[in-house]
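A.B. asks: Quick one, structure for this:
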Amino acid sequence: MSAENPTANKIIRVTDVILRDAHQSLMATRMRMEDMIPACEDLDNAGFWSLECWGGATFDACIRFLNEDPWQRLRTFKQLMPKTPLQMLLRGQNLLGYRHYGDDVVRHFVDKAAANGMDVFRIFDALNDLRNLEVAIAAVRQTGKHAQGCISFTVSPVHTVAAFVDQAKRLQDMGVDSLCIKDMAALIKPQQAYDLVQGIKAGCGDELPVHLHVHATTGVTMVSLMKAIEAGCDGVDTANPAMCLGTGHNPTDAFCEMLEGTPYGHQIDLGLVRKVKKHFEAVKPKYAEFCTKYVGVSTEIFESQIPGGMLSNMESQLKQQGAGDKMDAVLEEVPRVRKVAGYPPLVTPSSQIVGTQAVFNVLMGPYKRLTGEFADLMLGYYGETISQKDPEIIKIAAAQMGKEAITCRPADLISDEWESLTKTAAATKGFNGSDEDVLTLAMFPQVAPKFFGERADKAEAPAPASSPKAVSQPIPQPGGPGEDFAVSIALTVRELPQSPGGAVSEGDIILIGESRGRRVEITAPRAGRLVSYAVKPGDALPRQALICQLG
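C.D. replies: Residues are numbered from 1 along each chain as shown. Predicted coordinates for the structure are as follows:
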């Protein structure tokens, strides 16, 4: 029974995406670890079925923009949130990169992700080619972790409930532990959600849990969540109310409140959810330059089937060509291109591929020139689509690329890569000798060397001379037992070497921390008695945070 709804006869699993998809959708994946750490304890205690915190674009952003080790990020999350299963988004045979990888690399990645703390692997393919999920799902099962197979939801004449149910049955046959309907463009309307979940439950049985992931862009998907639950949906994704709606997700607290008076309950501590909300509202201003300016509702997506990111990309391409007035023609061309390509879901990367080809068709004439990516899509090098592709355009693609169409699983053409990738990594400056670094380099060969080099330079650099001065001015407390001391830099607490109540001399180390990858030692500014600490290991402290009291 749910504490929030004593009459509930079914508890809905809730996954909060605040640590991954929420800031990926609303602030360009720029949130730093130092701003997530303070919320981890409360998130861990809030009662979520899982917490999505890794995968998607976060791995790329860590090494490209944030200069953070994504593997260390995962280990830190696991250390700080031991109770709640951690969840990631994995792009099947693409892992977290932008090409297909050999099966041996996929297995190594899954093994290392599991060893570093990952519990739930949500695995999807942009084309819904389930062959691209087979190896990853089998690898997750081998580790004993939770394999969640995904269906990318889209709308077209061939994407029927029956077709989606068939995909669900195939995923069930692969041995997935649960199923996720993944709607990145907020296309699934309430009745569609009901019909689809009902169909999957009828086809797969109640023993296969079904989750629904939706964004909020079109304004209708909170109702879709409710209708899906009424049809038998077992779990949903939501986001902390500090970072939700717009192109993001529906708010966790509002979803839980919606269940009141229904036969469905939850196990979420809304007091902790609101405490976490206050934390993220306080740190959001730091990321103002990255926050999306669009926070409203866009029902136009229902007509065009084109997600907002794809629209802005096509508009930019047209303006660069001095053809901004051709946008309407391009919008009319997109459905035709999509039909030619076999109705791929318009999600990354297929949305960009289809959109760019539509621009080319309008500017140069239909299929006078194919982009390399569109040609590969037509030739099967991304995988198969649900509908047949236009054979005439396949011929054009084969002639332009100088290669034939394939019908096999794309990764079948890739030999084992691990040995050669390991040799390449060993020759890369800053490589630390770990399998994790090999995988990072494999997925991001252009970006990883710079990240490795900067990481090595930081490790070799001497501790800054200013570190002992990090404890700055005292804050007098009249009538109190001593003086409060604040730290002058932002840092994460690692160790507290002194015992409260004990004597300290001037210069004694009273706190060991980490700031931007460097060890920082905080020393006592004077002799006295350490009355108490105001922090604990794992705390992420902003500048001027109180750390201790000296008597």
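A.B. asks: lowest-pLDDT helix or strand in the chain?
C.D. replies: When each helix and strand of the chain is scored by mean pLDDT, DSSP states H and E, strand 471-476 comes last, with a mean of 38.
A.B. asks: Partner strands of the helix or strand following that strand and their direction?
C.D. replies: As assigned by DSSP states H and E, the chain's next helix or strand after strand 471-476 is strand 483-487. If you go by DSSP bridges, strand 483-487 pairs up with strand 471-476 (antiparallel), strand 545-550 (antiparallel).
A.B. asks: Run through the stretch 251-400 of the chain and note the low-pLDDT ranges.
C.D. replies: For the stretch 251-400 of the chain, applying pLDDT under 70 flags the ranges 293-294, 308-313.
A.B. asks: redo that, cut-off 80
C.D. replies: Scanning the stretch 251-400 of the chain for pLDDT under 80 picks out 292-296, 303-318, 320-321, 348.
A.B. asks: how about the strands in it?
C.D. replies: Using DSSP state E, counting those that start in this stretch, the strands of the stretch 251-400 of the chain run over 264-265.
A.B. asks: Going along the chain, name the helices of it.
C.D. replies: Taking DSSP state H, counting those that start in this stretch as the criterion, the stretch 251-400 of the chain carries its helices at 252-258, 270-283, 300-304, 308-320, 327-340, 350-364, 372-379, 391-401.
A.B. asks: Mind putting the ones you listed into TSV with mean neighbour count and distance to residue 131?
C.D. replies: (C-beta placed from N, C-alpha, C; glycine too.) Conversion of the helices of the stretch 251-400 of the chain to TSV gives the following (neighbours: other C-beta atoms under 10 Å; distance: least, C-beta to C-beta, whole Å):
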stretch	mean neighbour count	distance to residue 131
helix 252-258	19	34
helix 270-283	17	39
helix 300-304	14	29
helix 308-320	17	25
helix 327-340	18	21
helix 350-364	23	16
helix 372-379	21	16
helix 391-401	15	19
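A.B. asks: Would you reformat these as JSON lines and include distance to residue 198?
C.D. replies: Below are the helices of the stretch 251-400 of the chain laid out as JSON lines (distance: least, C-beta to C-beta, whole Å):
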{"stretch": "helix 252-258", "distance to residue 198": "20"}
{"stretch": "helix 270-283", "distance to residue 198": "29"}
{"stretch": "helix 300-304", "distance to residue 198": "22"}
{"stretch": "helix 308-320", "distance to residue 198": "30"}
{"stretch": "helix 327-340", "distance to residue 198": "27"}
{"stretch": "helix 350-364", "distance to residue 198": "28"}
{"stretch": "helix 372-379", "distance to residue 198": "33"}
{"stretch": "helix 391-401", "distance to residue 198": "37"}
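A.B. asks: Ok, which of the ones you listed comes nearest residue 510?
C.D. replies: Set against residue 510 and scored by C-beta to C-beta, the helices of the stretch 251-400 of the chain come closest in helix 270-283, at 25.7 Å.
A.B. asks: which residues are in contact with that closest one?
C.D. replies: 4, 18, 31, 35, 38-39, 42-43, 45-46, 240-243, 252-253, 256-257 (C-beta atoms under 8 Å, 6 or more residues apart in numbering).
A.B. asks: Mark which of these are buried, thanks.
C.D. replies: 4, 18, 31, 35, 38-39, 42-43, 46, 240-243, 252-253, 256 (16 or more other C-beta atoms under 10 Å).
A.B. asks: Please narrow those to those residing in helices.
C.D. replies: The helices, defined by DSSP state H, take in 35, 38-39, 42-43, 252-253, 256 from the buried ones among the contacts of helix 270-283.
A.B. asks: domain assignment for the protein?
C.D. replies: Per the record, the chain has its domains at 10-290, 306-412, 421-458, 467-550, by automatic domain parsing.
A.B. asks: Would you tell me what helix or strand residue 522 is located in?
C.D. replies: Per DSSP H and E: strand 518-523 holds residue 522.
A.B. asks: Contacts made by stretch 100-112 with the rest, please.
C.D. replies: Here stretch 100-112 has contacts from 71, 90, 93-95, 121, 132, 135-136, 139-140, 142-143, 410-411, 414-418, 421, 435-436, 438-439, 442-443, using C-beta under 8 Å, 6+ apart.
A.B. asks: Repeat the analysis, applying 6 Å as the threshold.
C.D. replies: Contact with stretch 100-112 is made by 93, 95, 135-136, 139-140, 410-411, 414, 416-418, 435-436, 439, 442, as judged by C-beta atoms under 6 Å, 6 or more residues apart in numbering.
A.B. asks: Check those residues and tell me the two furthest apart.
C.D. replies: Of all the pairs that these form, the one spanning the most space (C-beta to C-beta) is 410 and 436, at 25.3 Å.
A.B. asks: My guess is residue 50 contacts residue 122. True?
C.D. replies: No. With contact defined as C-beta atoms under 6 Å, residue 50 does not reach residue 122; the gap is 9.1 Å.
A.B. asks: for the stretch 1-150 of the chain, which spans come out with low pLDDT?
C.D. replies: In the stretch 1-150 of the chain, residues with pLDDT under 80: 1-8.
A.B. asks: Now with 90, please.
C.D. replies: Applying pLDDT under 90 to the stretch 1-150 of the chain flags residues 1-9, 24-30, 56-57, 97-98.
A.B. asks: In it, mark out all the helices, start to finish.
C.D. replies: 21-26, 33-45, 58-61, 70-80, 103-115, 134-143.
A.B. asks: if you compare those, which one is most tucked away?
C.D. replies: Of all the helices of the stretch 1-150 of the chain, helix 21-26 has the most neighbours on average by mean count of other C-beta atoms under 10 Å, namely a mean of 25.
A.B. asks: Please state the offset of that one from the chain centre?
C.D. replies: Put simply, helix 21-26 sits 8 Å off its chain's centre (C-alpha atoms, centre = their mean, to the nearest Å).
A.B. asks: go on, stretch 403-417?
C.D. replies: Here the centre of mass of C-alpha atoms in stretch 403-417, compared against the chain's by C-alpha atoms, centre = their mean, lies 28 Å away.
A.B. asks: do stretch 278-295 as well
C.D. replies: With C-alpha atoms, centre = their mean, you get 17 Å for stretch 278-295.
A.B. asks: try stretch 440-456
C.D. replies: 20 Å.
A.B. asks: what's the answer for stretch 247-257, then?
C.D. replies: 17 Å.
A.B. asks: Check stretch 263-270 too.
C.D. replies: 24 Å.
A.B. asks: Which of the helices of the stretch 251-400 of the chain sits closest to residue 54?
C.D. replies: Nearest to residue 54, of the helices of the stretch 251-400 of the chain and by C-beta to C-beta, is helix 270-283 at 17.9 Å.
A.B. asks: relative to helix 33-45, how tilted is the closest one?
C.D. replies: With axes from the mean of the first three to the mean of the last three C-alpha atoms, to 10 degrees defining the directions, helix 270-283 sits at 170 degrees from helix 33-45.
A.B. asks: can you dump the C-alpha coordinates of helix 270-283 into CSV?
C.D. replies: As requested, the backbone C-alpha atoms of helix 270-283 are provided in CSV (Å, rounded to 0.1, in the frame of the first residue of the first chain):
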residue,chain,number,x,y,z
LEU,A,270,7.3,14.6,-1.6
GLY,A,271,9.0,16.4,1.2
LEU,A,272,12.4,15.3,-0.1
VAL,A,273,11.4,16.0,-3.7
ARG,A,274,10.6,19.6,-2.7
LYS,A,275,13.8,19.9,-0.7
VAL,A,276,15.7,18.8,-3.9
LYS,A,277,13.7,21.3,-5.9
LYS,A,278,15.0,24.1,-3.7
HIS,A,279,18.6,23.0,-4.2
PHE,A,280,18.4,22.9,-8.0
GLU,A,281,16.5,26.1,-8.2
ALA,A,282,19.4,27.7,-6.3
VAL,A,283,22.0,26.4,-8.7
